[in-house]
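>>> my questions concern the predicted model and sequence given below.
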Amino acid sequence: MTEITAHHGIFRNTDLHVDDTGGSGRPVVLIHGWPLSGESWSEQVPAFESAGYRVITYDRRGFGRSDKPKTGYTYDTLTEDLHTLLTELDLTDVTLVGFSMGGGEVARYFTKYGAERLHSVVFASAVPPFLLKGPTNPDGPLDAAQAAKMTAGLTADEDAFYDEFTTQFFSVDGVLKVTEEQRQQALALAKQSSKLASLACMAAFASTDFREDLPKVSVPTLVIHGDGDGTVPFQGSGARTHEAIAGSELVVITGAPHGVTVSNPEEWNEAVLAFLAK
């Protein structure tokens, strides 16, 4: 457990909370989804560490135990934070695993920093290539009315919004696929977030276009997604990302919700560990 300074400000630095298992294994950096924190990877860290990897998680700025500045919630800045983590810890030959919103940092990383430090990447239930539906993106799975409803809901009542969101996060066709205790754990992580950061990141993951980033992905790539995902639907996101990245591998987990890392951890971990071993 440590802190790294992601941004040196004139009046205030922005520090990120980092958990690092250490060791000499190849590093795997797990990038959490919205509106959670690095603690959401509790089903993955022990399994990956047991397989011999050095596992690093961190809390995105504005979330979990990291600082919560008023600015810096565009994907360019969030990707700078990720790059600072890699450089501060002097990580090379890294696998980046981006879940949901975290897939955006993975995609943007290649545009901003290239592949020099990277071994491979995983897009896990991830938001690329472009969520918001529009005239130039008719296959986007999120329409403007849905996005506006989410913004209004979070603005009006955080507790009610997160309660509904975490239920959908772990459900398929209205059926909860995790225990109530597991949903409550995710709900507690969501409530650690800054409301300003949550709203700004919601806008970022909904409206950022990664279609020009994805063809720049030049390392072995796994796309893994649940086919029951109602939050980031597979056909509009994972399927399109797989098509956009030449040579990428695809694993679809049958009957799994968005929160597949918790609902189907054994199947998910097995697939990702098999990819890491290549």
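Arrived safely. Numbers count the residues shown, from 1 in each chain.
>>> all contacts plus neighbour counts: C-alpha atoms, from now on.
Noted.
>>> from the centroid of the protein, which residue is nearest?
G102 (2.4 Å; C-alpha atoms, centre = their mean).
>>> any idea how far that residue lies from R65?
Distance, G102 to R65, by C-alpha to C-alpha, to the nearest Å: 17 Å.
>>> list the buried residues of the helix or strand of the chain with the lowest mean pLDDT.
Least confident element among the helices and strands of the chain, by mean pLDDT, DSSP states H and E: strand 2-7 (a mean of 87). Neighbour counts using 16 or more other C-alpha atoms under 10 Å place E3, I4, T5, A6, H7 of strand 2-7 among the buried residues.
>>> which among these gets closest to L142?
A6 (30.8 Å; C-alpha to C-alpha).
>>> spatially nearest residue to that closest one, not counting backbone neighbours?
D81 (5.1 Å; C-alpha to C-alpha, 6 or more residues apart in numbering).
>>> gap between that neighbour and L196?
18 Å.
>>> which one's more surrounded, the two?
The neighbour comparison of D81 against L196 (other C-alpha atoms under 10 Å) goes to D81, with 23 against 16.
>>> does the more buried one lie in a helix or a strand, and which?
Assigned by DSSP states H and E, D81 falls within helix 75-88.
>>> that helix to strand 2-7, inter-axis angle?
Taking axes from the mean of the first three to the mean of the last three C-alpha atoms, to 10 degrees, one finds that helix 75-88 is oriented at 130 degrees with respect to strand 2-7.
>>> residues in contact with helix 75-88?
Residues outside helix 75-88 that contact it (C-alpha atoms under 8 Å, 6 or more residues apart in numbering): 4-7, 60-61, 72, 92, 104-106, 108-109, 112-113, 204, 208.
>>> need the residues that contact the helix or strand containing A107.
In this structure, A107 is located in helix 102-113 according to DSSP H and E. Contacts to helix 102-113, defined as C-alpha under 8 Å, 6+ apart, come from residues 31-34, 75-76, 78-79, 82-83, 96-98, 121-128, 205, 210, 213-214, 216-217.
>>> after it, which helix or strand is next?
Next element after helix 102-113 (DSSP H and E): strand 118-124.
>>> picking that back up, just the closest of the buried residues of strand 2-7 to H17, please.
E3 (4.8 Å).
>>> can you show me the CA trace of stretch 217-224 as CSV?
Taking C-alpha atoms only, stretch 217-224 is exported to CSV below (Å, rounded to 0.1, in the frame of the first residue of the first chain):
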residue,chain,number,x,y,z
VAL,A,217,-3.3,-1.1,-30.0
SER,A,218,-0.2,-3.1,-31.0
VAL,A,219,0.3,-5.8,-28.4
PRO,A,220,-1.6,-9.0,-27.7
THR,A,221,-5.1,-8.2,-26.7
LEU,A,222,-8.0,-10.0,-25.0
VAL,A,223,-11.5,-8.7,-25.1
ILE,A,224,-13.7,-10.4,-22.4
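>>> so which bits of it are buried?
For stretch 217-224, using 16+ other C-alpha under 10 Å, the buried residues are V217, S218, V219, P220, T221, L222, V223, I224.
>>> what's the separation between the nearest residue to the second one once chain neighbours are set aside and G103?
Spelled out, that is S218. By the measure of C-alpha to C-alpha, 6+ apart, the closest residue to S218 outside its immediate chain neighbours is A115, 6.9 Å from it. Noted for A115: a distance of 15 Å to G103, by C-alpha to C-alpha.
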